[in-house]
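[1] Next comes the sequence, and after it the predicted model I'd like to discuss.
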Amino acid sequence: MSTFYQNPPVKIGSYILGKTLGVGSFGKVKLAEHEQTGKKVAVKILNRQKIKSLGMDEKVQREIKILKLFNHPHVVRLYEVIDTPTDIFVVTEYISGGELFDFIVERGRLSEDEARKFFQQIISGIEYCHRHMVVHRDLKPENLLLDSNMHVKIADFGLSNIMKDGQFLKTSCGSPNYAAPEVISGKLYAGPEVDIWSCGVIVYALLCGSLPFDDENIPNLFKKIRGGIYILPSYLSEHSRDIISRMLITDPLRRITVEEIRRHPWFVTKLPRYIALGPQSIHQLLNIDERVLKLVEDRTGYSREKVISSLKKGKRNCYAVAYQLLKDSIVKMDISEEMEAAISETSLQAIQTMNHKEEDIFYRHLYRKIDSNHYSLGIRMKNSNASETMIKLYRVLHSNHWKWKSFGQYHIKVVTIPVSNHFAYVKMSIQVYKDVDGYLVDIQKLHGNVLLFLESCDMLLKQLVGW
């Protein structure tokens, strides 16, 4: 047993707790060792009483369930969650390389190639999470960790977005310097656009070694952020200046999107092919590794069949966790090289074309209502006026045999029929709004299961664009 572990050691599930790595809003973060494999993990201890006192127990549980599904090379992996009467133990990947913040402080401003490499990885992870309908809302270099290969891992993704608007500004864990204007202004909706703004601040810090918005006086700082008042140094290249200025647009509806970033000349320069594939294709490349299966058998005695069955069914049991821990530990190759070896030039071009076409349509504007239990999302209809949009909407509702009631010319409430063999329904509100670039179709859940709501919305939006 390693000498830094407590004597007698404290054990939670299959993990032996060690030294404290840090202290968060809800409790401590501990280094731990997986008993069967000997691999190190980080364990976040969330105190139930603290969570309940803040009225966020249901939100924490909901976000954890979503994060269990995440599997991306630039997002910190969530292995499993252990519940006790007093605490929730969230077991995650342990990243030993420190924070990107410390790297910037030590190195100062980076070359454009170095900064772009980090930025490409951050955008890849952010895009993946947005497609799973989770928005970070507190992106900053302190939440971006570096592994032993100097690759970015986005941490605390999903747990931070349970905070209510403005609340993080009152705690030690938040930084208003990276917050979007709509966040510090307390707007009801905060979607992917707030993460894009934060990414703009981060890439500015990487390239300049300083922050675009900084002032010791908080009211003055907020004034600069709301007004988009900052200076772009003359030594920045034309393309880097352009992408920063488009990310730091104060109007969230005019701010550059992830899809547009992916096509920007500065972003695509020296773009690793595995990132060019997009989140859907990266996930498809993460196949079951025979070497890891053999290692699991040797280290734990677990049968190969049980491990494979657990992985295919998406279970989070001891077999799947052991596999993921060992898989993460033996992949020593640079992630870029590993992915590049699995992709041909022909498949790259085909997938890029497919991804860009789909991403232009879906998730362009995905909203989450922060100050209630309701979810909301939608899309922008660029080539239709309000009446045409409503006609398309009615056609989709009619084709699905959904029931609706009008509450105005551009506002209806809808009740879906059961989907995917569920004996349940979802009630939602749909409104059409005007903005400078077209019309927004906004969908809000009024009643029903969140996953059924997301499934219904996915079907509705795909059909709506198809008409």
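    Perfect, thanks for sending it.

[2] Can you report how many residues neighbour the nearest residue to Leu110 once chain neighbours are set aside?
    Nearest non-adjacent residue to Leu110, counting by CB to CB, 6 or more residues apart in numbering: Leu206, 5.2 Å away. In short, each C-beta sits where N, CA and C put it, glycine included. Neighbours of Leu206 under the rule other CB atoms under 10 Å: 25.

[3] residue contacts, Leu206?
    If you count contacts by CB atoms under 8 Å, 6 or more residues apart in numbering, Leu206 has them with 104, 109-110, 114-115, 118-119.

[4] just curious, which of these is nearest to Asp214?
    Ile104 (13.7 Å; CB to CB).

[5] ok, that closest one touching Pro141?
    Yes: with contact defined as CB atoms under 8 Å, Ile104 and Pro141 form a contacting pair (5.9 Å).

[6] Show me whatever sits in contact with both of the two.
    Ala205.

[7] so Pro212 makes contact with Gly227?
    No: at 11.9 Å, Pro212 does not count as touching Gly227 under the criterion of CB under 8 Å.

[8] Between those two, which has more neighbouring residues?
    Pro212 (21 against 11).

[9] Chain neighbours aside, what residue packs nearest to the more buried one?
    Closest to Pro212 by CB to CB, 6+ apart is Tyr230, at 3.7 Å.

[10] Am I right that the one you found sits in a helix?
    No: read with DSSP: H, G, I helix; E, B strand; the rest coil, Tyr230 is coil and lies in no helix.

[11] OK, contacts around it?
    With CB under 8 Å, 6+ apart, Tyr230 has these contacts: 204, 212-213, 224, 248.

[12] at 7 Å instead, please
    Contacts for Tyr230 were tallied using CB atoms under 7 Å, 6 or more residues apart in numbering; they are 212-213, 224, 248.

[13] In which helix or strand does the residue nearest to Leu110 reside?
    Leu206 is part of helix 192-208 when elements are defined by DSSP states H and E.

[14] Pull out the buried residues from the next helix or strand after that helix.
    Using DSSP H and E, the next helix or strand after helix 192-208 towards the C-terminus is helix 218-227. The neighbour-count check on helix 218-227 (16 or more other CB atoms under 10 Å) flags 221-222, 224-225 as buried.

[15] How about the contacts made by Leu397?
    Counting by CB under 7 Å, 6+ apart, Leu397 touches 404, 414.

[16] Ramachandran angles for it?
    For Leu397, the backbone dihedrals (degrees, to the nearest 10) come out as phi -60, psi -40.

[17] picking up where we left off before, and the furthest pair within the contacts of Tyr230?
    Lys224 and Leu248 (10.9 Å).

[18] one step back: only C-alpha atoms, please: export the helix holding Leu206 in PDB.
    Taking Å, rounded to 0.1, in the frame of the first residue of the first chain, the C-alpha atoms of helix 192-208 are listed here in PDB:
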ATOM      1  CA  PRO A 192     -23.900  27.100 -25.400                       C
ATOM      2  CA  GLU A 193     -23.200  30.800 -26.200                       C
ATOM      3  CA  VAL A 194     -21.900  31.400 -22.700                       C
ATOM      4  CA  ASP A 195     -19.300  28.700 -23.200                       C
ATOM      5  CA  ILE A 196     -18.200  30.200 -26.500                       C
ATOM      6  CA  TRP A 197     -17.700  33.600 -24.800                       C
ATOM      7  CA  SER A 198     -15.600  31.900 -22.100                       C
ATOM      8  CA  CYS A 199     -13.500  30.100 -24.800                       C
ATOM      9  CA  GLY A 200     -12.900  33.500 -26.300                       C
ATOM     10  CA  VAL A 201     -11.500  34.800 -23.100                       C
ATOM     11  CA  ILE A 202      -9.400  31.600 -22.700                       C
ATOM     12  CA  VAL A 203      -7.900  31.800 -26.100                       C
ATOM     13  CA  TYR A 204      -7.100  35.500 -25.600                       C
ATOM     14  CA  ALA A 205      -5.300  34.600 -22.400                       C
ATOM     15  CA  LEU A 206      -3.400  31.800 -24.200                       C
ATOM     16  CA  LEU A 207      -2.200  34.100 -27.000                       C
ATOM     17  CA  CYS A 208      -1.700  37.300 -24.900                       C
END
